[in-house]
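# structure for this input, please:
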Amino acid sequence: MQRLIKNPGIKLASFTRADAYTRLLPYFEEVSVPMGGFDLGKNIPDHPIELISTTTNLLIDNRLHPAIQVLFLEAAREINGNKSYFAKTGEFPAYMNTEAPLSEEAKFFYEKGTPTLMKYLPFWLAEFLERMFFLLLPFAAFAYPIIKSIPTYRTNLAKKQINSIYKELDKFEQNTIQTFDPNRRSEYIEVLNEMERRILRSKAAKLATAECYSLRSNIEFIRNALEKQIIY
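Residues are numbered from 1 along each chain as shown. Alright, predicted model coming up:
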């Protein structure tokens, strides 16, 4: 190529309509050679030259594994990513004027670069971890609310148990007011004592301490009223 360029009997032709070609045919690119671009001493060429060039497209089948696609792009960067006469460093590979659609893996590669894990881990391990991450992500999103609710599940269960005793105490109080019999005072108090013992034996005493003390205080209030023969 250098011998052809320096041969005085051969002249490099310029495509006057190079810009038109590239606009009408997307697989063409316009490149230019400046005056003296081949040889500054002999001023070859002696005027700017416009040329057209075809871009190399890396086409794949849509069934190709995404990991292999990334490897192809990495290889393309290693081979074509250096500076050349018509390209700057890192200019290629690139998605330029082409009629072929861009794959999702290539789109991610051009926007984000090489996957982070591949920079620090062997390819097979990085690929395995990345695939597992995307596989487990929906499961984690589904399981997170369940896992988050586990610590409060037992507490809510304890509060539910205390509320049931509250309802029992309220019913006992209403019945006692309506049918109070002084001769049955010890029986009433024993019912209250049994309620309190049930609370103390239950897990609610440890899991919902504040609610438990509040319930016991209400039981104690009613028990004191009965012991003092207060009818309300």
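
# how about the helices in this structure?
2-6, 18-24, 66-80, 104-112, 116-120, 123-178, 185-201, 204-207, 209-227 (DSSP state H).

# comparing these, which comes out most buried?
Of all those, helix 204-207 has the most neighbours on average by mean count of other C-beta atoms under 10 Å, namely a mean of 18. In short, each C-beta sits where N, CA and C put it, glycine included.

# re the thing from before, closest to Thr54 out of the helices of the chain?
helix 18-24 (10.5 Å; C-beta to C-beta).

# now for the closest one, which elements pack on it?
Judged by 3 or more C-beta pairs under 8 Å, 6 or more residues apart in numbering; DSSP states H and E, helix 18-24 is in contact with strand 28-33, strand 49-54.

# ok, which of those comes nearest Glu168?
Proximity to Glu168, assessed across the helices and strands packed on helix 18-24 by C-beta to C-beta, is greatest for strand 28-33 (85.3 Å).

# now do the closest one, average pLDDT.
Average pLDDT, strand 28-33: 87.

# re the thing from before, tabulate the helices of the chain (TSV), appending distance to Val31 and mean pLDDT.
Below are the helices of the chain laid out as TSV (distance: least, C-beta to C-beta, whole Å; pLDDT from 0 to 100):
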stretch	distance to Val31	mean pLDDT
helix 2-6	15	79
helix 18-24	8	88
helix 66-80	15	82
helix 104-112	22	79
helix 116-120	33	73
helix 123-178	35	77
helix 185-201	87	87
helix 204-207	76	73
helix 209-227	79	85
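
# nearest to Ile60, out of those?
Nearest to Ile60, of all those, is helix 66-80, at 6.3 Å by C-beta to C-beta.

# which residues does that closest one contact?
56, 58, 60, 87, 92-93, 103-106, 109, 114-115, 118, 123, 127 (C-beta atoms under 8 Å, 6 or more residues apart in numbering).

# now that helix against helix 123-178, angle please.
If you take axes from the mean of the first three to the mean of the last three C-alpha atoms, to 10 degrees, helix 66-80 sits at 140 degrees to helix 123-178.

# offset the numbering so it begins at 33, please.
All right, first residue 33 from here; so that's helix 98-112.

# picking that back up, just the helices and strands packed on helix 50-56: most buried one?
Mean neighbours per residue, mean count of other C-beta under 10 Å, is largest over those for strand 60-65, with a mean of 16.
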